[in-house]
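Enquirer: How does the following fold in three dimensions:
(one chain, ligands or ions: 1)
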Amino acid sequence: MAILNIRIIGDPVLRTVADPVTEFGPELAKLVADMTETMEDVDGAGLAAPQVGVSQRVFTYRIGGVEGHIINPVLDNSEDFQPDEVEGCLSIPGLGFPVRRHRRTRVTGVDLHGDPVEVEGEGMLARAFQHETDHLDGILFTDRLEGEDRKTALRAIRNANYDSITEQTTAKRARTVGTSFGSGSAGSGSFGSFGNSQ
Ligand code: ZN
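Expert: Numbering: from 1, shown residues only. Purely as a prediction, here's the structure:
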């Protein structure tokens, strides 16, 4: 297994609609294993394949002790919404804003063997499914912001020096490779790297 490099906003892969997975072989199993390891390494709540430069419809998640992956996910969202919660994103380091998400969602898809999977969740789990599925459609959480939050976020992204952040993050990650992954505070609800980056 390997820790993968996380792509940062500005990388076109994050704005590309990902392709459905059609090959369920060892390459896919390795991708899921590496994505899971990478997500754990940065203590993230979820990771989508485009974030590691792979334009395929795969995401991993880790919320409240529930960890898994979904391939070719399709969401069935409730019509109502949950209270806004601050989201971050590993691909937009250092930024967090409240995002409107559907209260409940049922995600259907397949696992790495191609067997059907169905998971239903609300709260943070529903939020993660919506955040990660957005990634597969080239959508970032900042696209969901409105009004002043949107302006502030876009300004911050414009002014951010992501090159140096990427280097720092890569260096930090390089140091953690080979150490054990004992922290695992699953359920922190962080989609980003708050508190453990920069
Ligand atoms: Zn994200």
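Enquirer: In the chain, which strand is the longest?
Expert: The strand that spans the most residues within the chain, counting by DSSP state E, is strand 66-77.
Enquirer: For that strand, C-alpha coordinates in PDB please.
Expert: Extracted in PDB, the C-alpha atoms of strand 66-77 (Å, rounded to 0.1, in the frame of the first residue of the first chain):
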ATOM      1  CA  VAL A  66     -17.800   3.500   9.900                       C
ATOM      2  CA  GLU A  67     -15.300   3.100   7.200                       C
ATOM      3  CA  GLY A  68     -15.800   1.900   3.600                       C
ATOM      4  CA  HIS A  69     -15.700   2.600  -0.100                       C
ATOM      5  CA  ILE A  70     -18.300   3.000  -2.800                       C
ATOM      6  CA  ILE A  71     -17.700   2.600  -6.500                       C
ATOM      7  CA  ASN A  72     -20.000   4.100  -9.100                       C
ATOM      8  CA  PRO A  73     -22.200   5.700  -6.400                       C
ATOM      9  CA  VAL A  74     -25.700   7.000  -7.000                       C
ATOM     10  CA  LEU A  75     -27.300   9.200  -4.400                       C
ATOM     11  CA  ASP A  76     -30.900   9.300  -3.400                       C
ATOM     12  CA  ASN A  77     -31.200  12.400  -1.200                       C
END
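Enquirer: Quick one: mean pLDDT over the one helix or strand residue 106 maps to.
Expert: According to DSSP states H and E, residue 106 maps onto strand 104-110. Mean per-residue pLDDT for strand 104-110: 98.
Enquirer: go on, stretch 11-27?
Expert: Mean pLDDT, computed over stretch 11-27, is 98.
Enquirer: Over to stretch 53-69?
Expert: Mean per-residue pLDDT for stretch 53-69: 95.
Enquirer: can you give me the helices for the chain?
Expert: Assigned by DSSP state H, the helices in the chain fall at 26-41, 123-136, 147-159, 162-176.
Enquirer: re the thing from before, mind giving me the packing neighbours of the longest strand of the chain?
Expert: Where contact means 3 or more Cβ pairs under 8 Å, 6 or more residues apart in numbering; DSSP states H and E, strand 66-77 is packed against helix 26-41, strand 58-63, strand 104-110, strand 116-122, helix 123-136. For the C-beta atoms, the positions are set from N, CA and C on the backbone; glycine is no exception.
Enquirer: and of the ones you listed, who's closest to residue 18?
Expert: Nearest to residue 18, of all these, is helix 123-136, at 4.5 Å by Cβ to Cβ.
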